[in-house]
Every structure is written in structure tokens, then in C-alpha cells.
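Engineer: Give me a 3D structure for the following:
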Amino acid sequence: MKRIAALAIACTLTLPVHAKDIAKVDGQAITQEHFDQFVSLLVSQGAQDTPQLRAQVKKEMINRLVAVQAAKKAGLEKDATVRQETELATQGILVRALMTKHLKDNPVTEDDLRKEYEVIKAEQGQRQEYKLRHILLKDEQQAVALAKDIKSGKVTFEAAAKKDSIDTGSGKNGGELGWGPTSNYVPEFAQAVETMKKGQLSEKPVQTQFGWHIIQVEDVRPITFPPFDEVKPQLEEMLRQQALATYQADLIKNAKIEDMAD
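Structural biologist: Here you go, the predicted structure:
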């Protein structure tokens, strides 16, 4: 690697001072400046600046220029659809550049991230998660009768789930749904669970779009909030998106917009 680097430096030093073009296509130059800009763009997106990359970039730029020249000879620059697409593409590039500049000028700081983390952590602090079992049945009367048998000890919850639940996924495991917040479930199911305590069986079957549920709360615990470093990337992206949304809203608010539609 050191020899390659030394050779690259030596080659650079031997280039004539006036060498500003890397290639020409039918007399039209591809400049060193544009070439370096293309390479820099790829590097900023995660590529490694290597001789192989530079060779690929040079080939790509030549191929593009050949195609562009052919398109111009065909008169496509004047085509209405092409002009519209070109304008939209330019607008998209400018918008992305503007948003990138705004984030660069107004970066999300470590302090911002920690403050947001504490806010969310406080909001989530009262939330609980539940370890649940359920039995899903199509018929209400069957659900009522089965719940009565479970409460009386005539049959265990696990055995009833394996035998009668139409939710075959959990049924084969005795109705086990595992740990999770109530937000994992449809509203009717979630509301019923939130009124129950550890070890409790639902007073009556709960109807949802799927059928009738007999629910058992096996355990309850506070939701463990993840450590800061674990959620930092998600927090940063969230705050960046919020900042962009606010910036866009401010731009629109401060612009003089005249809607000329009828």
C-alpha cells in the first residue's frame, strides 16, 4: 500500500501544471475539477477513494458524456417531457441541498439528544408490559362456558388453549403470547388487559374483530427503557426529521403564496 501511495504521489508530481482535462469526447472536455467532484460525492456516500474507483468514475463520466451528446444531437433537450423531468430533478437536488445545509448549520447536539431521551423516558416510565395467555373462540356462548370451566378448575387454561383455541399459533403453546405492551394488541383486547391484575382471568370473554378471547394475565412489570447509547441513532434521526419539518413549515409560512386556481 505504501508503494502504491508513493507511486500515486510521484505520478501526480510529474503531471504538467496545465493538465486540467482528464479526457475529451468529440472535442468536449471532462475536466479534472468535475472528475474530483464526482469522486468526492461518492466518497461522501461511503465509497473508498481508490485507483479502482477513480478508473470506474472516469469510465462512467466518458460513457455519460457520449450518451448526453447523442441525446443533444437527437434534439431531446427541447422535448417537453425531458424539460419537465430535468426541472423536477433540479428542484429535487436543490431541496435536498437546502435541507442538508440547514442540518449542517443547525446540528442536533448531544445535549439535545439527552434532553429528548429524558423526556421520552419520563413519558414511558408509567407504562407496563404484560405476560399474557389467551384462548380465541368464534362463539360467545362457547367462550363463556369454557371460561367457567377454567375458573372452576375443571380444565386448565393451557389444556383448553391447546384443544379449543382457533389461534393455532399461540394455542399449541397453551395460549402463550409472551411479554409485551398493550399497544401490541387491538384496542378492545388492550383495554381489557389494562383493567386486569397479575394472575387474573378476564371476568367475561372479550370480543374483537377476530372472535371471543379468554384472557389470562400471568405477570406484569414496568417497561424497561433502553439505555441512551442504544437509542441514540433513532433519537438523532427523529430530531433531524422534526427539525426539517419545522424548517419547511417556516419556509411556507414566510413565503408569499398566491393560489391562482379557480
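
Engineer: Tell me the spacing between E87 and I215.
Structural biologist: Taking CB to CB, to the nearest Å as the measure, E87 falls 58 Å from I215. Quick note: C-beta positions are derived from backbone N, CA and C, even for glycine.

Engineer: More neighbours: these two, which one.
Structural biologist: Neighbours around E87 and I215, counted as other CB atoms under 10 Å, are more numerous at I215. The numbers are 25 against 10.

Engineer: all strands in the stretch 151-262 of the chain, in order from the N-terminus.
Structural biologist: Assigned by DSSP state E, counting those that start in this stretch, the stretch 151-262 of the chain shows strands spanning 176-180, 206-208, 211-222.

Engineer: Report the strands that pair with the first one, each with its relative direction.
Structural biologist: So that's strand 176-180. strand 128-137 (antiparallel) (DSSP bridges).

Engineer: Any idea how far the partner strand is from the middle of the chain?
Structural biologist: Counting by CA atoms, centre = their mean, to the nearest Å, strand 128-137 is centred 29 Å from the centre of its parent chain.

Engineer: That strand: which residues count as buried?
Structural biologist: Of the residues in strand 128-137, E129, Y130, K131, L132, R133, H134, I135, L136, L137 count as buried by neighbour count, 16 or more other CB atoms under 10 Å.

Engineer: For the last one, which non-adjacent residue is spatially closest?
Structural biologist: It refers to L137. A143 (4.4 Å; CB to CB, 6 or more residues apart in numbering).

Engineer: how about the nearest residue to T182, chain neighbours excluded?
Structural biologist: Nearest in space to T182, with sequence neighbours left out and distances taken as CB to CB, 6+ apart, is A190 at 3.7 Å.

Engineer: Let me know the pLDDT of the one you found.
Structural biologist: Each residue has a pLDDT score; the one for A190 is 96.

Engineer: could you list every residue that touches it?
Structural biologist: Taking CB atoms under 8 Å, 6 or more residues apart in numbering as the criterion, A190 is in contact with T182, S183, N184.

Engineer: OK, contacts around the first one?
Structural biologist: Yep, that's T182 we're talking about. Y130, F189, A190, Q191, V193, E194.
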